[in-house]
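**Q** okay, structure incoming, though there's no sequence with it:
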């Protein structure tokens with residue numbers, strides 16, 4: 001007797017990895033996605049692609065794309081009112097009003113849909129870095145020196161170079177600026193003149209130079225378990241990252257000392273339990289002088305998820321959905337405990353070094369280990385994401401350098 005498929009609506013900036021895993025776990029997947037990569041479509045029953053729907057590109061709507069995520073999620077949920085689950089990926093982390101409106105509107109047509117996401121109140125607490133740092137200090141952990149300016153003069157007069165100016169809530173490396181000296185500060189403030197309307201939205205933070213690391217956990221709101229601790233790849237110039245702190249990928253698992261891993265796990269589990277996080281969530285750290293400093297919490301499925309699945313040969317999206325029913329916790333623990341480490345997995349996001357032609361994209365898409373394939377019929381501008389590389393190998397360096405060889409092949413195609 002065949003098993004009945006479950007149905008899920010997934011929305012986010014890039015949901016192809018989530019759709020792939022859900023499809024493999026026998027879910028009928030409906031999607032709202034920003035780019036509409038070619039390899040998304042085999043895994044979805046139906047999808048609305050924001051750039052296609054609006055006939056536009058990221059730069060044109062980057063300040064409002066979260067609003068379109070909500071608008072089109074409501075549209076597709078109205079079309080399919082019997083969808084059972086809703087997963088919110090990246091793109092709505094800090095759009096609190098939009099998240100609330102989305103759930104209210106969807107439930108008007110489908111009161112039985114289950115939101116397999118953290119509650120809004122939990123998301124708001126997780127994204128409030130001031131409150132998170134207070135918890136950590138109270139429990140004896142170090143945090144970056146962080147100041148919350150009351151006026152633009154507080155930023156102009158700050159002297160603790162080098163430091164970071166960043167949005168109170170930022171993710172993916174957007175709205176983060178390193179300030180090395182007075183000239184850099186003046187230039188950055190002029191650059192941000194139109195953005196700093198409310199100075200309380202911004203933070204001054206000590207610059208922590210070190211190794212970027214992330215921790216992926218799963219929780220049912222009571223129990224909690226670490227899935228993987230990962231090396232993060234941030235602002236990599238070889239990948240043409242458009243910003244210094246831009247997320248460019250991961251190597252799973254990270255090769256760091258056991259003491260550091262224990263500290264990262266302890267901090268992540270403390271916060272996950274204290275906040276009552278549910279599902280799969282991510283924590284970002286920077287390790288300096290053998291100590292992990294928390295940078296932020298992503299109260300959603302993190303970008304490293306497919307690399308973690310490849311490394312441990314586990315379908316984590318199915319576990320994510322199941323974690324919203326505490327009766328499933330024993331099953332989740334058993335699956336994670338039986339999931340053997342298979343290989344190191346490297347994920348790299350390649351950004352365009354220049355505008356790419358249709359023929360170049362066709363050739364890139366034919367390479368092995370390429371995912372998130374750009375549609376050759378849609379122009380890829382300089383600094384747009386071109387594709388994702390996912391490469392596994394038995395040791396850390398073979399995985400990472402194997403992925404870099406694929407990057408070389410991409411550049412060979414572009415330079416032909």
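**A** Noted; the coordinates are in hand. Since the structure is predicted, the reported quantities are computational estimates derived from the model, not experimental observations. Numbers count the residues shown, from 1 in each chain.
**Q** got the buried residues for the helix or strand hosting residue 405?
**A** Using DSSP states H and E, residue 405 falls within helix 396-414. The neighbour-count check on helix 396-414 (16 or more other Cβ atoms under 10 Å) flags 396, 399, 400, 402, 403, 404, 406, 407, 409, 410, 413, 414 as buried. Heads up, the C-betas are built off the backbone N, CA and C, glycines and all.
**Q** okay, those in CSV with pLDDT and distance to residue 61 next?
**A** Shown next, in CSV, are the buried residues of helix 396-414 (pLDDT from 0 to 100; distance: Cβ to Cβ, whole Å):
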residue, pLDDT, distance to residue 61
396, 96, 39
399, 98, 36
400, 98, 34
402, 98, 36
403, 98, 31
404, 98, 33
406, 98, 30
407, 98, 29
409, 98, 32
410, 98, 27
413, 97, 29
414, 95, 27
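**Q** what is the nearest of these to residue 352?
**A** Nearest to residue 352, judged by Cβ to Cβ, of the buried residues of helix 396-414 is residue 414 at 8.4 Å.
**Q** helices or strands next to the helix holding residue 405 in the packing?
**A** Packing partners of helix 396-414 (3 or more Cβ pairs under 8 Å, 6 or more residues apart in numbering; DSSP states H and E): strand 247-252, strand 344-351, helix 358-365, strand 385-393.
**Q** which residues sit against it?
**A** Here helix 396-414 makes contact (Cβ atoms under 8 Å, 6 or more residues apart in numbering) with 238-239, 251, 255, 343-348, 350, 353-354, 356, 360, 363-364, 367-370, 386-387, 389-393.
**Q** for residue 192, what are phi and psi?
**A** phi -100, psi 10 (degrees, to the nearest 10).
**Q** pLDDT score assigned to it?
**A** Residue 192 is assigned a predicted lDDT (pLDDT) of 80.
**Q** OK, contacts around it?
**A** By Cβ under 8 Å, 6+ apart, residue 192 lies in contact with 165, 177.
**Q** what do you get if the cut-off is 10 Å, keeping everything else the same?
**A** 152, 155, 165, 167, 175, 177, 202 (Cβ atoms under 10 Å, 6 or more residues apart in numbering).
**Q** among the residues you listed, name the ones in helices.
**A** Members of the contacts of residue 192 lying in helices (criterion: DSSP state H): 152, 155.
**Q** for residue 15, give its distance to residue 143.
**A** Distance, residue 15 to residue 143, by Cβ to Cβ, to the nearest Å: 32 Å.
**Q** these two: who's more crowded?
**A** residue 15 (29 against 19; other Cβ atoms under 10 Å).
**Q** could you measure from residue 234 over to residue 210?
**A** Residue 234 is 11 Å from residue 210, by Cβ to Cβ.
**Q** how about residue 20?
**A** For residue 20, the distance to residue 210 equals 32 Å [Cβ to Cβ].
**Q** and what of residue 168?
**A** Applying Cβ to Cβ, the value for residue 168 to residue 210 is 22 Å.
**Q** for residue 395, same thing?
**A** Separation of residue 395 from residue 210 (Cβ to Cβ): 23 Å.
**Q** in terms of neighbours, single out the busier of the two.
**A** Taking other Cβ under 10 Å, residue 395 and residue 210 do not tie; residue 210 has more neighbours (15 against 11).
**Q** domain parsing for the protein?
**A** 6-117, 145-206, 211-414 (automatic domain parsing).
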